[in-house]
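Enquirer: Mind folding the following:
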Amino acid sequence: MATSTTDNKASRPLPHHVAVIGAAGVLARVFSVCRGEGFGFTAIVRSSPERMTEVPASSRIAVLTFLADRVALTVGFSGAKIGGKQI
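Expert: Take a look at the predicted model:
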């Protein structure tokens, strides 16, 4: 799957899974794009994971109460890629 950027640069591959941290109110919009493109996501939230509804089977919610929690960060970002490298 590929998409073109708005300034007509060459197409580039889209991710198969993305991790998004914070801004629970904005996440609904991100999730909508992910669903439309057919790829999963991990929503990393500090609280109220029950507010996240209609999470596809290919997606998940990770609760991270504080940013210094390395274990929770590792779990939250597992499956994502940074710079083309699998985490």
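
Enquirer: what about this structure, any weak spots by pLDDT?
Expert: The chain contains residues with pLDDT under 70 at 1-10, 12-15, 23-25, 81-87.

Enquirer: The most centrally placed residue in the chain: helix or strand, and which one exactly?
Expert: When C-alpha atoms, centre = their mean is applied to the chain, the residue found nearest the centroid is Ala19 (2.8 Å). For Ala19, the element it lies in under DSSP states H and E is strand 17-21.

Enquirer: Sort out which residues of that strand are buried, please.
Expert: Within strand 17-21, the residues that count as buried by 16 or more other C-beta atoms under 10 Å are 17-21. (Glycine included, C-beta is placed from N, CA and C.)

Enquirer: how far off strand 17-21 does the next helix or strand after it point, in degrees?
Expert: Note on strand 17-21: by DSSP H and E, the next helix or strand toward the C-terminus is helix 24-37. Angle of helix 24-37 versus strand 17-21, following axes from the mean of the first three to the mean of the last three C-alpha atoms, to 10 degrees, is 170 degrees.

Enquirer: Please state the offset of the helix or strand following helix 24-37 from the chain centre?
Expert: Downstream of helix 24-37, the next assigned helix or strand under DSSP H and E is strand 40-45. The chain centroid and the centroid of strand 40-45 are separated by 4 Å, computed with C-alpha atoms, centre = their mean, to the nearest Å.
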